[in-house]
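Q: 3D, please:
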Amino acid sequence: MDYTKLEQLHALPLFDLMERARAVHAAHWPDREVQLCTLLSIKTGGCSEDCGYCAQSAHYRTGVAASPLIARDEVMARAREAREDGSTRFCMGAAWKGVKEGSQKFEEVLDIVRGVSTLGMEVCVTLGELGAPEARALKAAGVTAYNHNIDTSPEHYPSVVSTHSFDDRLRTIRHAQDAGMSVCCGGILGLGESVVDRLRMLEVLSQFNPQPESVPINLLMPVAGTPMESHAPVDVFELVRVIALARIAMPRTKVRLSAGRYSLSREAQALCFFAGANSLFYGEKLLTTPNPQADQDRALLRDLGLEAQAPDPAQAAPATDPARAPAPCAAC
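A: Model (predicted):
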């Protein structure tokens, strides 16, 4: 969807926008299902990147100590716990700039992925930058989806991080899609961006070919010691607007409530679901930040008449639209 259309929709009264988004959602997601995803940090801290929001960056003193890759048996135990608690997608994140084929750490991750893929859950990883060979290896090992957020608009991105570029992000996304993996790709609200930046972010995401299988919408959780520790919270109605716009611009994409959900009331989350969210990170922790308890989430879904979506580990990645060009990427 182009920027002009997104701008027109954003200017609508909130209830009008939500009604439009709800109609799109009902047409493409009629079963009142919500995807439940658990996120585990398998390698925490010590990252060489300088993302201004991140507690795991080695550039800042945040109190998050660097730790090695978690052992395979421990990851398997956590994945089984997540499955028993109702999660249908298990997401594993490592605080690295990226991975390289043939390296010991990458081979260890591939072994972990092969193990988790036997549990009947969807498998998602986020490991930083990928080349084409690494993407193919992850797909062969059993990865369902690769997470790599664009965070914000191309124009605002240099204000967020300097150690890699927006085009670096697009190149990794392209490699993941070319390897046949679904892409989980969204952004963060509260990075000092303008409304224009939020709309540009959605424009870029919606113009991927294929569009992302899932789009996490994160709220910045300011971390002491990072450059963004004093950023003001995002107004909940602006969050709802972004979710509604994402639903309209990407009808078949799962829109996920992600980081920052801990600060939302039940009523605010209900508005988000009504506007088109149909996925959430589930469990008490997201990498290094808190998340609502699983029993609270189950109660909320029950009260809203929503049900957990069944896992589909063999799901096919969204198909490329031959009538549209691939996502632009100057670095590809």
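Q: which stretches of the stretch 101-250 of the chain form strands?
A: Secondary structure of the stretch 101-250 of the chain by DSSP state E, counting those that start in this stretch: the strands cover 122-126, 145-147, 182-184, 187-189, 214-219.
Q: can you redo the ones you listed as a markdown table with distance to Ala317?
A: From N, CA and C alone the C-beta is placed, and that goes for glycine too. Below are the strands of the stretch 101-250 of the chain laid out as a markdown table (distance: least, Cβ to Cβ, whole Å):
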| stretch | distance to Ala317 |
| --- | --- |
| strand 122-126 | 12 |
| strand 145-147 | 8 |
| strand 182-184 | 4 |
| strand 187-189 | 21 |
| strand 214-219 | 11 |
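Q: in TSV: the ones you listed, plus mean pLDDT.
A: As requested, the strands of the stretch 101-250 of the chain are exported to TSV (pLDDT from 0 to 100):
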stretch	mean pLDDT
strand 122-126	96
strand 145-147	96
strand 182-184	96
strand 187-189	97
strand 214-219	96
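Q: for Val204, which of those strands is the nearest?
A: strand 187-189 (9.2 Å; Cβ to Cβ).
Q: in that closest one, what's buried?
A: By 16 or more other Cβ atoms under 10 Å, the buried positions in strand 187-189 come out as Gly187, Ile188, Leu189.
Q: that one packs against which elements?
A: Strand 187-189 sits against helix 195-206, strand 214-219, helix 236-249, with contacts defined as 3 or more Cβ pairs under 8 Å, 6 or more residues apart in numbering; DSSP states H and E.
Q: and the top strand by length along the chain, what does it pack onto?
A: The strand that spans the most residues within the chain, counting by DSSP state E, is strand 33-43. Using 3+ Cβ pairs under 8 Å, 6+ apart, the elements in contact with strand 33-43 are helix 72-84, strand 89-94, helix 104-116, strand 254-257, strand 279-281, strand 307-308.
Q: can you tell me the strand partners of that strand and which way each runs?
A: Sheet pairing for strand 33-43, assigned by DSSP bridges, gives strand 89-94 (parallel), strand 279-281 (parallel), strand 307-308 (parallel).
Q: what sits closest to Glu33 if chain neighbours are left out?
A: In space, and not counting its chain neighbours, Glu33 is closest to Gln309: 4.0 Å by Cβ to Cβ, 6 or more residues apart in numbering.
Q: swap in Leu220?
A: Closest residue in space to Leu220, ignoring its immediate chain neighbours: Gly190 at 3.2 Å, by Cβ to Cβ, 6+ apart.
Q: tally of neighbours for that neighbour?
A: The burial count assigned to Gly190 is 21, neighbours taken as other Cβ atoms under 10 Å.
Q: repeat for Gly93
A: By other Cβ under 10 Å, the residues close to Gly93 number 21.
Q: I appreciate the help and will end here.
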